[in-house]
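*Asks:* The following comprises the amino acid sequence and a computationally predicted model.
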Amino acid sequence: MRLIRVLAVGPLDRGLLEALGDGVFRELGAGWEVSPSSLDPGFALDPIRQQYHSTEILARLHALPDEAAWRLLGVTGLDLFIPILTFVFGEAQLSNRCALVSTARLRQEFYGLPPDPERLRERLLKETIHELGHTLGLTHCSDYDCVMAASHGVEWIDLKGSSFCPGCRERVLEVNAGPTTAPAAPLLRG
Amino acid sequence: MADKGKLLIVDDELVVRDSLGKWFIEDGFEIGLAESASEALTKLAEGDWEVALVDIKMPGIDGIELQRRLQQIDPDLKVIIMTGYASVDTAVQALKNGAYDYVTKPFDPDEISHVVHNALTQRRTSQEVSRLREAVSASVQPREFIGQSAAVRKVIENIDVVGPTDTTVLITGESGTGKELVARLIHAASRRRYHPMVVIHCGALNDTLLESELFGHERGAFTGAQHRRKGKFEIAEGGTVFLDEIGDISLKTQTDLLRVLQEHEISRVGGNLPIKVDFRCVAATHKDLEAMIETGQFRLDLYYRLNVFHIKVPPLRERREDIPLLADHFVRKFSLAMNKRIQRVTPAAMAILQQQEWRGNVRELENAVERAMVVAREPELVEEDFPLRPPRPSSEPRTVEEVERAHILRVLEECGANQTRAAEVLDIDRVTLHNKLKKYGWTKKTSES
C-alpha cells in the first residue's frame, strides 16, 4: 500500500494530524503515518516578515531520505510565505513527492474569532488533499466544489468540498495505477 | 492545460520568477520566464503570450519601456506591471501607456490571481468579440452589386469612396434598379455596420403615420397611442437611416426632417423633450427632385442637405451587357430556393432577355427569371419559359412618317446621294423628293458627314 508520511514542521498538535488519516485515505487510497520526529524550520524564517519560506522547507523535506514513503507531507502551525506573495496556505512539488501545509491561517483565531477545532480540522483536511493533489500532477480545478479549486482566502476553503470532482478523481486513479515512485518535478520554462 | 492561459513572467530576480511561475502553474497556466527585457521580447517574437507580468525595475530596459515594446508587437497582450513599492507616478504612467493594471509586491494571493485571470478574460473576450464581429459581418454582408458595365463600376466606385465616411448620400434611379441595395452596401462599408440600418418607405405611409414612424410618440399622443414608442431615428441609434422614396413626403414632413438632419435631434410626437440621435442618412428616390423644387413640391434646403453625395443607379437598358450576369445570378439563386437543377439560360433565350426594354429594371428581370424557373424543365431555361416577345430595336421606325423617312434615306444612300436616280427608284418626281428631304432636314452636307 502506498504510504503518506506526515512530518510535523515545528511544534504542532499531533492529535490533529492523526485525525486526518481517514479523510485522506478516502480520497487518495493511501496509508497515513505520522512520523514521531519533526523538522525544525528555523532555517526558513524571514526575520523581517516573521514568516517561514515554504519553498525552502519543501526543499529540505525533499532532501530527507525516506524511500518507503510514496508522498511526504509537512504540516506546520507557522505562517508560510513565498517571496512574491504575502502568504501561502501551503505549497507542493507539482508531480513530485513533497507537500507542505500550514494551519496558521486556517485557525479562526487568526481572524480574531473564537477557536473552532472542527472547522480547523475540515480546513486542514481540504488543504492537505489539495496539496497532495498537486503532487499527483493536478492543477487548480474550475469546479468550485472540487477540493482542487483554487482557494486564496479561507472563505474559499470553507466553500469547497473535501472531495475530488469526477474529472480530478479520474486523474488520481490514473496516477494510482502508475508506478509508486513519483515522476520528476517539471522544469519551469525560462 | 494551455487553454487556461499563457503567462509570461519578466523579472530579473530568480526567486520572483520561480515562485510566481510555480504559483501559476498550479493554476494551469503555461508559463514563460524571462530575466530581462530582451529575453521577454525574444519570447514574444517566438510565440503568443496572453498576459505578461512585468517588473517595473530591471537593468537595461525597464518595465515601462518593455511594456510599450511588447504591445507594439502584440497590441492585445495584457501587461500587468509589478512594482516593489506603491508608486502612484509610475503606476499612472504604466496605465497611461496601456498597461492592464499594476500590482505591488508582495502580492496578496487572491488579488494577483484575480488580476491575472481578469486580464486573461478581457483579452479573450475582446478577441471573441472581434471574431464574432467578423462572423456577423460575413453573415449580414449584403449581396454584391452585380455587373461589369462601366455604369456599374462607377456605382461601386462611388460606394467605396463614400461608404466609410459619414456623409449623407442621395441615391437616384428608376424603380427596380437597386437603390436599396446600394444603401445597404454603403451601410456595410461604414463604421456603423454593426449598428442597425433602418429602412423607412416614405411613400407607403401617410403624413401622420410617417411622423410617428420617424420620430416615435409619447403615450397618449393620439388615439391608440397606448404606449411610448421609439421612432426609427432612435431605433437606428449609431447606425444608418435609409429614407426610401424621399420624393413622396409632404412639405410638412420635409420641414421636420430638415430639422432632424440639421440638429440630429428629435422630439417624439406628443412630447417636448429633445432627444439626441446619432445616425447617418441615406435617401433615395426615383423622382426628379430638381423638377419638384421648380414646382415647389420639394424644399431646396432639404435637397441640399440630402444631396451631399449623389449616386445615380443606371436603368437596366443602359447596361444591357450586365443582363447575362444578372440572369445567371438569379438562376443560381432560384435553383437553390426551388431545389431545381437548372444550370443556365440558353443563348437564344438570353438574346431575348438582352433585347427587352425592362421598364421595371433588375426587379422585373428577377421576376421574369423566377417565373421562368417555375415552369422550366431542367436543365436550362429556354425561350418558351419566358413569356416575352422579341421587341423591335428601339431605333427601328414605327410611325408611317418614320418609315417613309428611313426608306427614302436608305434609297438615297444606295444611289450615292444622287437625287435624280433616287427619285426614279422611289417612283416619285424629283421635286417631291426634294421637298420630303427638306422636311426631314436632310442636306447634302448631312449625308456626307
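*Replies:* Yep, that arrived. The structure presented is a predicted model; accordingly, all values stated were derived computationally and were not measured. Residues are numbered from 1 along each chain as shown, chains lettered A, B, ... in the order given.
*Asks:* per-residue confidence for whichever residue of chain B sits closest to chain A?
*Replies:* Taking CB to the nearest CB as the measure, chain B has B:Leu33 as its residue closest to chain A, at 2.4 Å. In short, each C-beta sits where N, CA and C put it, glycine included. Looking at B:Leu33, its pLDDT reads 95.
*Asks:* and it, helix, strand or coil?
*Replies:* strand (DSSP: H, G, I helix; E, B strand; the rest coil).
*Asks:* name the element the nearest residue to A:Pro83 once chain neighbours are set aside belongs to?
*Replies:* Leaving out its chain neighbours, the residue that sits closest to A:Pro83 by CB to CB, 6 or more residues apart in numbering or on different chains is B:Val15, at 4.9 Å. Secondary structure from DSSP states H and E places B:Val15 in helix B:14-25.
*Asks:* Show me where the chain dips below the pLDDT cut-off.
*Replies:* Just going to use chain A. A:178-190 (pLDDT under 70).
*Asks:* oops, I was thinking of chain B
*Replies:* Ranges of chain B meeting pLDDT under 70: B:1-3, B:85-88, B:131, B:133-143, B:219, B:221, B:224-228, B:389-398, B:443-449.
*Asks:* so the residue most central in space within it is in which element?
*Replies:* The centroid of chain B falls nearest to B:Leu185 when counting by CA atoms, centre = their mean (2.1 Å). Following DSSP H and E, one finds B:Leu185 within helix B:179-188.
*Asks:* Just the buried residues of the lengthiest helix in chain B, please?
*Replies:* Using DSSP state H, we find that the single longest helix of chain B is helix B:109-140. Within helix B:109-140, the residues that count as buried by 16 or more other CB atoms under 10 Å in any protein chain shown are B:Pro109, B:Asp110, B:Ile112, B:Ser113, B:Val115, B:Val116, B:His117, B:Ala119, B:Leu120, B:Arg123.
*Asks:* helices and strands around it, which ones?
*Replies:* Under the contact definition 3 or more CB pairs under 8 Å, 6 or more residues apart in numbering or on different chains; DSSP states H and E, helix B:109-140 sits against helix B:14-25, strand B:51-55, strand B:78-83, strand B:101-104.
*Asks:* ok so, going back, list of residues touching the helix holding B:Leu185?
*Replies:* The contact list for helix B:179-188 (CB atoms under 8 Å, 6 or more residues apart in numbering or on different chains) reads B:137, B:140-145, B:155, B:159, B:162-163, B:169, B:171-173, B:193, B:197, B:199, B:239-240, B:242, B:244, B:280, B:282, B:284, B:286, B:311, B:313.
*Asks:* In strands only, show me these.
*Replies:* B:Val169, B:Ile171, B:Thr172, B:Met197, B:Val199, B:Thr240, B:Phe242, B:Asp244, B:Arg280, B:Val282, B:Ala284, B:Ile311 (DSSP state E).
*Asks:* Put together TSV for the residues you listed, with neighbour count on each row.
*Replies:* Converted to TSV, those look like this (neighbours: other CB atoms under 10 Å in any protein chain shown):
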residue	neighbour count
B:Val169	25
B:Ile171	29
B:Thr172	20
B:Met197	23
B:Val199	17
B:Thr240	24
B:Phe242	27
B:Asp244	20
B:Arg280	22
B:Val282	30
B:Ala284	25
B:Ile311	23
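*Asks:* Tell me the one of the residues you listed nearest A:Ser162?
*Replies:* Within the ones in strands among the contacts of helix B:179-188, distances to A:Ser162 taken as CB to CB reach their minimum at B:Met197, with 57.0 Å.
*Asks:* where exactly do the strands run in chain A?
*Replies:* All strands of chain A, identified by DSSP E, fall at A:3-9, A:31-39, A:45-46, A:51-53, A:71-76, A:80-81, A:90-92, A:98-102.
*Asks:* how many degrees apart are the second one and strand A:71-76 in direction?
*Replies:* Relative orientation of strand A:31-39 and strand A:71-76, computed by axes from the mean of the first three to the mean of the last three CA atoms, to 10 degrees: 50 degrees.
*Asks:* ok, residue 149 - contacts?
*Replies:* Picking chain A for this. With CB under 8 Å, 6+ apart, A:Ala149 has these contacts: A:His140, A:Cys141, A:Ser142, A:Asp143, A:Trp156, A:Lys160.
*Asks:* Sorry, I should have been clearer: chain B.
*Replies:* B:Pro314, B:Arg319, B:Glu321, B:Asp322.
*Asks:* Just the buried subset of these, please.
*Replies:* Neighbour counting by 16+ other CB under 10 Å classes B:Pro314, B:Arg319, B:Asp322 among these as buried.
*Asks:* Quick one: residues contacting the second one.
*Replies:* Okay, so that is B:Arg319. B:Gly147, B:Ser149, B:Ala151, B:Val152.
*Asks:* thinking again about what came up before, can you name the two of the ones in strands among the contacts of helix B:179-188 that are farthest apart?
*Replies:* Between any two of the ones in strands among the contacts of helix B:179-188, the greatest separation by CB to CB is 19.1 Å, found for B:Thr172 and B:Met197.
*Asks:* sorry, back to before: adding secondary structure and distance to A:Phe110 as columns, could you present the contacts of B:Arg319 in CSV?
*Replies:* Output for these, formatted as CSV (DSSP: H, G, I helix; E, B strand; the rest coil; distance: CB to CB, whole Å):
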residue, secondary structure, distance to A:Phe110
B:Gly147, coil, 78
B:Ser149, coil, 82
B:Ala151, helix, 82
B:Val152, helix, 78
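*Asks:* out of those, which are buried?
*Replies:* By 16+ other CB under 10 Å, these give B:Gly147, B:Ser149, B:Val152 as buried.
*Asks:* Next to chain A, which bits of chain B? Give me the list.
*Replies:* B:1, B:4, B:9, B:15-23, B:25-28, B:31-35, B:105-110, B:112-113 (CB under 8 Å from any CB of the partner chain).
*Asks:* so what's the nearest residue to B:Leu300 once chain neighbours are set aside up against?
*Replies:* On the basis of CB to CB, 6+ apart, the spatially nearest residue to B:Leu300 that is not a chain neighbour turns out to be B:Ile293, at 5.2 Å. With contacts defined as CB under 8 Å, 6+ apart, the neighbours of B:Ile293 are B:Arg299, B:Leu300, B:Tyr303.
*Asks:* Out of these, which comes closest to A:Ser38?
*Replies:* Out of these, the member with the shortest distance to A:Ser38 (by CB to CB) is B:Tyr303, at 94.6 Å.
*Asks:* Without its sequence neighbours, what residue ends up closest to that closest one?
*Replies:* B:Leu289 (5.4 Å).
*Asks:* Now the one you found, what are its backbone angles?
*Replies:* Phi and psi for B:Leu289, reported as degrees, to the nearest 10, are phi -60, psi -30.
*Asks:* swap in B:Leu66?
*Replies:* Main-chain torsions, B:Leu66, degrees, to the nearest 10: phi -60, psi -40.
*Asks:* right, and it touches B:Lys57 too?
*Replies:* No: look at B:Leu66 against B:Lys57 with CB atoms under 8 Å: they stay out of range, at 11.1 Å.
*Asks:* on that earlier part again, generate CSV for the buried ones among the contacts of B:Ser149, with distance to B:Ala406 as supplementary columns.
*Replies:* Below are the buried ones among the contacts of B:Ser149 laid out as CSV (distance: CB to CB, whole Å):
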residue, distance to B:Ala406
B:Pro314, 29
B:Arg319, 27
B:Asp322, 30
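*Asks:* Need the three-state assignment for the closest residue to B:Arg320 other than its chain neighbours.
*Replies:* Setting aside the residues directly before and after it, B:Arg320 is nearest to B:Gln354 in space (CB to CB, 6+ apart), at 5.3 Å. Secondary structure state of B:Gln354, per three-state DSSP, is helix.
*Asks:* Quick check: closest non-adjacent residue to B:Val115.
*Replies:* B:Asp101 (5.2 Å).
*Asks:* Between strand A:31-39 and the lengthiest helix in chain A, find me the angle.
*Replies:* Looking across chain A with DSSP H, the single longest helix is helix A:117-135. Angle, helix A:117-135 to strand A:31-39, by the same axes, to 10 degrees: 100 degrees.
*Asks:* Does helix A:117-135 reach chain B?
*Replies:* Yes: if you take CB under 8 Å from any CB as the test, helix A:117-135 does meet chain B, through A:His134.
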